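> All I have is the shape, not the residue letters:
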């Protein structure tokens, strides 16, 4: 049940506008992951407008890339980088150039040569702009954005010979924000590959965003590499394929440390499509509008807990969607929500929040249930952050399974005026429920700050009354003034006003 105050709806709307436009600085660095299917194509746009296109998808993807570039105001490229010479990475690059988007400074690649028509078309298109990149080279994109080559042509690893082993790997740095992209870089000594990832990991270090190597292949993103980079977000560029991309093992490995986005699935169905990262380089980055704060050190709390049921045959289980936000009500990713279930089950759980700030926590399954699933949040943890339980909109919620579905009732709960009102020391708040349900009755001040929670548990059908003694969550008396009390029950919310005079 979400907290819904009657106080000044216009104020709430204004607050949302401020949090998104005022508290979030104008993004400076843009990283666009184009959906080219089973291939790769990444566009960097720096604060000064300089651009770098890394790979260009397969043959035939050029016109789409040209149209996308035009849609974001790019008519020429400052730099172009080819990770390696496989067609699904360079096939569209000649089509981009021949489609009217010139390269102004340099088209970097690993040098040497390769035997394919796609390679020949690429070389012809880049012409005199073709430049061999070297290990350690830094490309200055302007505005503080640095792009460093951290591996090329096997990074000195013995036995590196497969084209994937030879990939150009780039680390992009903008202030405190780090990003890694490396085409199909190998991370295993199996499958005819050489493990290059392990050699490059220490130089890359911790990153905020990892553009996943080799479309999520089982032969890349090894455990040491993922542990060393420890990304908050991993992005997989993939499409219809018969290679098993992305590997379930790799996806599980990535999800253990990060939120995973991917352009398509292995059948070519859109998942996240085009994936855009924006960052100011110091306080935040976003991925397709999902907000990720940087630096930490702030407070976080629970904005809402939404309950639902899922069934399979005779077995039913509950799902608690716990949303975690910061002090500005912006979602917090990678926070570990721990809690326990009561009622029909008694299991403990710990789940990490996704990019939208939500941790979806499932109970144990119950055969033919007839009762309440109740979830209680015990703690929220994220490195560098402080859990502020007093700011929680709620700390537990429940849902009934079996019998009549109370959510389909046509009668609404009723919240009555408190008595006495005004009051000096205590007041009674009566309410009526049309059915057994989980409720939350809370007190707020005129700023919308939570003052106290009077009821937060399942309550039986009928008329009830609860007394507020004019104290806050810590038991301290609150000052005289206007206060609001809100009843959340059966998918409805009602608020009334009361006056405290001491």
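That came in fine, so what should we check first? As the structure is a computational prediction, the values presented were derived from the model and not from experiment.

> Could you list the low-confidence segments of the stretch 1-150 of the chain?
1-27 (pLDDT under 70).

> residue ranges for the helices of it, please.
Using DSSP state H, counting those that start in this stretch, the helices of the stretch 1-150 of the chain run over residues 9-17, 62-71, 87-90, 93-98, 117-126.

> Please identify the most buried of those helices.
helix 87-90 (a mean of 25; mean count of other Cβ atoms under 10 Å). In short, each C-beta sits where N, CA and C put it, glycine included.

> just checking, what packs against that one?
When contacts are defined as 3 or more Cβ pairs under 8 Å, 6 or more residues apart in numbering; DSSP states H and E, helix 87-90 packs onto helix 117-126.

> got the angle between the helix it packs on and helix 62-71?
40 degrees (axes from the mean of the first three to the mean of the last three Cα atoms, to 10 degrees).

> show me where pLDDT drops low in the protein?
Those would be 1-27, 296-297, 402-411, if you go by pLDDT under 70 across the chain.

> again, only using 80
1-27, 295-297, 328, 355, 371, 400-412, 490-492 (pLDDT under 80).

> on that earlier part again, between the helices of the stretch 1-150 of the chain, which gets nearest to residue 284?
Proximity to residue 284 (Cβ to Cβ) singles out helix 9-17 among the helices of the stretch 1-150 of the chain, at 16.4 Å.

> how near is the residue nearest to the spatial centre of the chain to residue 289?
The residue lying closest to the centre of the chain (Cα atoms, centre = their mean) is residue 355, at 1.5 Å. In this view, residue 355 and residue 289 are 9 Å apart by Cβ to Cβ, to the nearest Å.

> Dump the helices of the stretch 1-150 of the chain into TSV; add distance to residue 457 as well.
TSV is the format used below for the helices of the stretch 1-150 of the chain (distance: least, Cβ to Cβ, whole Å):
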stretch	distance to residue 457
helix 9-17	27
helix 62-71	52
helix 87-90	56
helix 93-98	61
helix 117-126	65
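
> Which one, of these, ends up nearest to residue 206?
helix 87-90 (26.2 Å).

> Touching that closest one from outside, list them.
Helix 87-90 is contacted by residues 38-40, 55-59, 82-84, 116, 118-119, 122, 183-184 when judged by Cβ atoms under 8 Å, 6 or more residues apart in numbering.

> Filter these down to just the buried residues.
38-40, 55-59, 82-84, 118-119, 122, 183-184 (16 or more other Cβ atoms under 10 Å).

> Which of those fall within strands?
Within the buried ones among the contacts of helix 87-90, no residue falls in strands by DSSP state E.

> closest to residue 484 among these?
Nearest to residue 484 out of the buried ones among the contacts of helix 87-90 is residue 40 (Cβ to Cβ; 52.9 Å).

> Look up the closest residue to the closest one, ignoring the ones flanking it.
residue 55 (4.3 Å; Cβ to Cβ, 6 or more residues apart in numbering).

> burial of the nearest residue to residue 112 once chain neighbours are set aside, as a residue count?
With Cβ to Cβ, 6+ apart as the criterion, residue 112 has its nearest non-adjacent residue at 7.6 Å, and that residue is residue 153. Counted with other Cβ atoms under 10 Å, the neighbours of residue 153 add up to 20.

> Now residue 153: phi and psi?
phi 50, psi 40 (degrees, to the nearest 10).

> doesn't residue 166 make contact with it?
Yes. Proximity of residue 153 to residue 166 meets the contact threshold set by Cβ atoms under 8 Å, at 4.9 Å.

> which neighbours do those two share?
110, 160.

> Give me the distance between residue 478 and residue 452.
Per Cβ to Cβ, residue 478 is found 8 Å from residue 452.

> Settle it for me: which of these two has more neighbours?
Between residue 478 and residue 452, counting by other Cβ under 10 Å, residue 452 is the more crowded of the two (20 against 17).

> Help me confirm that the more buried one is found in a helix?
No. Counting by DSSP: H, G, I helix; E, B strand; the rest coil, one finds residue 452 to be strand, located in no helix.

> Leaving aside the residues adjacent along the chain, what's closest to it?
Residue 452 sits nearest to residue 443 (Cβ to Cβ, 6+ apart), 4.5 Å away.

> before we move on, what about residue 225?
Going by Cβ to Cβ, 6+ apart, residue 225 has residue 197 as its nearest residue, at 4.0 Å.

> what residues are up against the one you found?
By Cβ under 8 Å, 6+ apart, the residues touching residue 197 are 185, 186, 187, 213, 220, 221, 222, 224, 225.

> ok, now how distant is it from residue 275?
From residue 197 to residue 275 the distance is 22 Å (Cβ to Cβ).

> Touching, residue 57 and residue 34? I think so.
Yes. At 7.2 Å, residue 57 and residue 34 qualify as touching, with contact defined as Cβ under 8 Å.

> what touches both of the two?
Both residue 57 and residue 34 are in contact with 41, 64, 65, where contact means Cβ under 8 Å, 6+ apart.

> Surely residue 201 and residue 230 touch.
No. Taking contacts as Cβ under 8 Å, residue 201 lies outside contact range of residue 230: 10.3 Å.

> Who has more neighbours out of these two?
The residue with more neighbours, out of residue 201 and residue 230, is residue 201; 19 against 13, by other Cβ under 10 Å.

> Point out the other helices and strands that the longest strand seen in the chain packs with.
Ranked by number of residues, the top strand in the chain under DSSP E is strand 299-312. Where contact means 3+ Cβ pairs under 8 Å, 6+ apart, strand 299-312 is packed against strand 315-326, strand 371-381, strand 386-387, strand 396-401.

> Pick the most buried one from those strands.
Of those, strand 396-401 is the most buried (mean count of other Cβ under 10 Å), at a mean of 23.

> Sheet-wise, list the partners of that strand with their directions.
The strands that strand 396-401 pairs with in its sheet are strand 371-381 (antiparallel) (by DSSP bridges).

> Residues in contact with the strand it pairs with: which ones?
Residues from elsewhere that reach strand 371-381, judged by Cβ under 8 Å, 6+ apart: 300-302, 305, 307, 309, 317-318, 320, 322, 324, 335-345, 361, 363, 387, 392, 395-402, 438, 457-458.

> what's the closest non-adjacent residue to residue 218?
Residue 218 sits nearest to residue 247 (Cβ to Cβ, 6+ apart), 4.0 Å away.

> Contacts only, for that neighbour.
Taking Cβ under 8 Å, 6+ apart as the test, what residue 247 contacts is 216, 217, 218.

> Report the buried members of these.
Here, 16+ other Cβ under 10 Å leaves 216, 217, 218 buried among the contacts of residue 247.

> Mark out where each domain of this structure begins and ends.
26-282, 297-403, 409-500 (automatic domain parsing).

> for residue 356, what are its contacts?
290, 323, 331, 333.

> cool, and residue 239?
For residue 239, the contacting residues are 35, 36, 37, 38, 39, 263, 264, 268, by Cβ under 8 Å, 6+ apart.

> Filter these down to the buried ones and hand me the PyMOL line.
Restricted to buried positions by 16+ other Cβ under 10 Å, the PyMOL selection for the contacts of residue 239 reads:
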select buried, resi 35+36+37+38+39+263+264
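
> What values do phi and psi take at the closest residue to residue 83 other than its chain neighbours?
Leaving aside its chain neighbours, residue 83 sits nearest to residue 183 (2.6 Å; criterion: Cβ to Cβ, 6+ apart). Dihedral angles of residue 183 (phi, psi; degrees, to the nearest 10) stand at phi 60, psi -120.
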